[in-house]
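Asks: need a structure here:
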Amino acid sequence: MSFAKLWSIIHEPLFWAAIASLKIALSALLIGLVLGLAIALARMNPNRHLSRAAVAYIEFLRGIPALILLFLIYFGLAAVGIRFSSLQAAIIGLGLNASAYLAEVYRAGLEAVPKGQTEAARAIGMRRGQVLRWIVLPQALAISLPPIGNVAISLIKDTSVASLIAAPDLMLRANDLSSQTFKPLEIYLVVGAIYFVICFPLSLVVRALEKRGERKT
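Replies: Presented below is the predicted three-dimensional model:
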């Protein structure tokens, strides 16, 4: 089979599978962004028990592979009666995994905001929540954008492991097409090119954000 004929067979299913992978990555990223911020704030909370619980959460999720987490959610929870579809398990698992890394990203951003600004805001009567919302968080988020972008890129590539729990992603479709056409080399090269086309522009955006941050410092 010529590559032109193979391409005519695989390009459309791989396109829609790539869209599905992006949806998984975006959904997981949203979970990671929200949960990661909550965990970062908990880690920096003066309450020792809350802070230790946040540290334990971060270290545990960063210490296990994303694939193990997906297996625990998809297969492990099913054993105790809690069942998720493969798509739901992929989004939840990748989101939890991303939240641990994003929590540290947020923490670094929050700690980078000069403490003098917080002290000045408190001196003029702003409450702690107001200081966090209006002074600290906007600056911390701006500082955190480049590493958040790096986590997003990693998350897109990590969606490939979701195929091992039969989540409808790009790698699962590639595996199916490889079995149907008996052309694994060509198909996986195309899939690698698709991941590159998706991730490379994002890496350029991250690099531009990093350079802008360096100019401001």
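
Asks: just for this protein, where's the confidence low?
Replies: Applying pLDDT under 70 to the chain flags residues 216-217.

Asks: Helices of that one, start to end?
Replies: Secondary structure of the chain (DSSP state H): helices located at 3-43, 48-63, 66-71, 86-112, 115-123, 128-131, 137-158, 170-181, 184-216.

Asks: Redo those as JSON lines? Include mean neighbour count and distance to Val80.
Replies: For every residue, glycine as well, the C-beta is placed using N, CA and C. Putting these into JSON lines (neighbours: other Cβ atoms under 10 Å; distance: least, Cβ to Cβ, whole Å) gives the following:
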{"stretch": "helix 3-43", "mean neighbour count": "18", "distance to Val80": "22"}
{"stretch": "helix 48-63", "mean neighbour count": "14", "distance to Val80": "19"}
{"stretch": "helix 66-71", "mean neighbour count": "19", "distance to Val80": "14"}
{"stretch": "helix 86-112", "mean neighbour count": "22", "distance to Val80": "14"}
{"stretch": "helix 115-123", "mean neighbour count": "12", "distance to Val80": "44"}
{"stretch": "helix 128-131", "mean neighbour count": "12", "distance to Val80": "38"}
{"stretch": "helix 137-158", "mean neighbour count": "19", "distance to Val80": "26"}
{"stretch": "helix 170-181", "mean neighbour count": "18", "distance to Val80": "26"}
{"stretch": "helix 184-216", "mean neighbour count": "13", "distance to Val80": "35"}
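
Asks: Just tell me which of these ends up closest to Leu77.
Replies: helix 86-112 (8.2 Å; Cβ to Cβ).

Asks: and the angle for the closest one with helix 137-158?
Replies: Using axes from the mean of the first three to the mean of the last three Cα atoms, to 10 degrees, the direction of helix 86-112 lies 140 degrees away from that of helix 137-158.

Asks: got the phi/psi numbers for Asn47?
Replies: phi -70, psi 120 (degrees, to the nearest 10).

Asks: May I have the residues that are in contact with the closest residue to Glu111 other than its chain neighbours?
Replies: Residue nearest to Glu111 in three dimensions, not counting chain neighbours: Met44, with 7.9 Å by Cβ to Cβ, 6 or more residues apart in numbering. Counting by Cβ atoms under 8 Å, 6 or more residues apart in numbering, Met44 makes contact with 51, 107, 110-111.

Asks: swap in Ile198?
Replies: Contacts of Ile198 by Cβ under 8 Å, 6+ apart are 18, 22, 156.

Asks: Distance-wise, check it relative to Ser160.
Replies: 12 Å (Cβ to Cβ, to the nearest Å).

Asks: Repeat that for Ala25.
Replies: Distance from Ala25 to Ser160, by Cβ to Cβ: 10 Å.

Asks: Equivalent analysis for Val136, please.
Replies: 36 Å.

Asks: ditto for Ala167
Replies: 10 Å.

Asks: Appreciated, that's everything.
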